[in-house]
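# Dropping the sequence and predicted coords here.
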Amino acid sequence: MYRVYKYILPEVRSALSAWQKRAELIPNEELRKQALASIASKQFHCEGGAVYAAARLEVRDVLIPLIVAFQTISDYLDNLCDRSTSMDPDDFRLLHQSMLDAVQPEEPLKDYYALREDKDDGGYLHALVEQCRASIARLPGYSTAQSSIVRLVGLYTDLQVYKHIHPDKREDALLTWWQSYEAEYPELAWNEFAAATGSTLGVFQLFLAAADEHLTSREVEQIREAYFPYVCGLHILLDYLIDQEEDRVGGDLNFCNYYDGQGKVVERIGHIAEIATVRISSLPEGRFHRMIIEGLLALYLSDSKVREQEEVKNVSKRLMRNSPLMRLFFWLNSRWIRKHMY
């Protein structure tokens, strides 16, 4: 936490401030509005992701700009798709091609707005992609990790396409998509797999691993199997857990609503957290990854949204029961951060 407060948070905020200034210059009013809104309301996504740079401070000048740029693309596109009136899957896929191009420097840049009316962003999205590529060029082990990173980003892109199409079509589209992966992940329900694809944590951990010039394919495989689907699934299910009322009011898809009651929610999130903990224990620096898991539980279960939803509050109490000291520490720290820094 000392590293996070002293180095990570100030440098993330500096990077975001630069992107905010760039977003203020976007000519198109709607694109400018969504770019600025995504930075203003989702700053904590970049701050949380950049915690991975705390594991290797000597390369934070590479990892923080990379994680901030990549997460800013994700948050910006999420806003564009959430607020879209077209609900065109081809438009959503072309927009998210920018995320795939960001992690594949060999690919040409594209006109990511070609299928929508609002087009002129003054080069904002291209600049974000180029920042990712410039940082990636400084990661000596990137070629070893790239295929796994592209796979995870591809799954993320698929989810964003299917979850943003017309509400009458999205569930069928998600279920059809799931059929291609069901045999590979038989221990998961379809909503748990879909949730796991929505996390960028596996990508960030692979960025961190790629800072090692001696990174091996076996190590990459171990990381991907440890993070996906369990650490990633835990991350997004906790996010959906606390957003249930907000999503109900907004008519948005929520993967926690597909469980048979809150008791099942507790059981499955607890189970996924247990397996995630076992899987990460086999990784080098296992204690760091354990901190990530305990930090996720503490961060989400300490959110003010929990106290505003009686059922969610009960779920939170059950998940926090018999918590280890590390989780309690992060829980108290998360409460303090929200009170004093936002």
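Right, received. Where do you want to start? Residues are numbered from 1 along each chain as shown.

# Okay, the nearest residue to Cys256 once chain neighbours are set aside and Asp252: tell me how far apart.
When the adjacent residues along the chain are set aside, Cys256 lies closest to Tyr240, with 4.6 Å between them (Cβ to Cβ, 6 or more residues apart in numbering). From N, CA and C alone the C-beta is placed, and that goes for glycine too. Using Cβ to Cβ, to the nearest Å, Tyr240 is found at 10 Å from Asp252.

# helices or strands next to the host helix or strand of Gln71 in the packing?
Taking DSSP states H and E as the criterion, Gln71 maps to helix 60-82. Secondary-structure packing of helix 60-82 (3 or more Cβ pairs under 8 Å, 6 or more residues apart in numbering; DSSP states H and E): helix 9-23, helix 29-41, helix 43-49, helix 89-102, helix 124-136, helix 142-164, helix 201-209.

# When Tyr240 and Asp252 are compared, which one has more neighbours?
The residue with more neighbours, out of Tyr240 and Asp252, is Tyr240; 22 against 14, by other Cβ atoms under 10 Å.

# The host helix or strand of that one to helix 142-164, inter-axis angle?
According to DSSP H and E, Tyr240 maps onto helix 232-242. With axes from the mean of the first three to the mean of the last three Cα atoms, to 10 degrees as the basis, helix 232-242 and helix 142-164 are set at 30 degrees to each other.

# now helix 232-242 and helix 201-209, what's the angle there?
Using the same axes, to 10 degrees: helix 232-242 against helix 201-209 is 130 degrees.

# tell me the mean pLDDT over helix 232-242?
Mean pLDDT, computed over helix 232-242, is 94.

# and the next helix or strand after it, what does it pack onto?
Moving toward the C-terminus from helix 232-242, the next helix or strand (DSSP H and E) is helix 244-250. With contacts taken as 3+ Cβ pairs under 8 Å, 6+ apart, helix 244-250 sits against helix 310-320.

# what's in contact with the helix it packs on?
Under the criterion Cβ atoms under 8 Å, 6 or more residues apart in numbering, residues 241-242, 244-245, 262, 265-266, 269-270, 273, 297, 301, 305-307, 327, 331 lie in contact with helix 310-320.

# Which pLDDT does the model give Gln262?
If you check Gln262, the pLDDT there is 83.

# list the contacts for it?
If you count contacts by Cβ under 8 Å, 6+ apart, Gln262 has them with 311-312, 314-315.

# Same list, the residues you listed, but as TSV with distance to Thr277, neighbour count and pLDDT please.
Listed next are the contacts of Gln262 as TSV, based on distance: Cβ to Cβ, whole Å; neighbours: other Cβ atoms under 10 Å; pLDDT from 0 to 100:
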residue	distance to Thr277	neighbour count	pLDDT
Glu311	25	13	80
Val312	22	22	80
Asn314	23	14	83
Val315	19	23	80
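
# buried residues in the helix holding Gln71?
Applying a neighbour-count criterion of 16 or more other Cβ atoms under 10 Å, one finds 60, 62-81 buried in helix 60-82.

# got the angle between it and helix 142-164?
Orientation check (the same axes, to 10 degrees): helix 60-82 against helix 142-164 gives 20 degrees.

# what's the angle between helix 60-82 and helix 124-136?
Orientation check (the same axes, to 10 degrees): helix 60-82 against helix 124-136 gives 150 degrees.

# For the protein, give me the ranges with low pLDDT.
The model of the chain has pLDDT under 70 over residues 85, 338, 340-342.

# now the helix holding Tyr240, how far from the centre of its chain.
Chain-centre distance of helix 232-242: 10 Å, with Cα atoms, centre = their mean, to the nearest Å.

# Can you tell me what sits against that helix?
Here helix 232-242 has contacts from 188, 192-193, 195-199, 201-202, 247, 254-256, 265, 268-269, 272-273, 276, 293, 296-297, 299-301, 303, 305-306, 309, 312, 315, using Cβ under 8 Å, 6+ apart.

# Give me whichever of the helices and strands packed on helix 60-82 is most buried.
The highest average neighbour count among the helices and strands packed on helix 60-82, using mean count of other Cβ atoms under 10 Å, belongs to helix 201-209 at a mean of 26.
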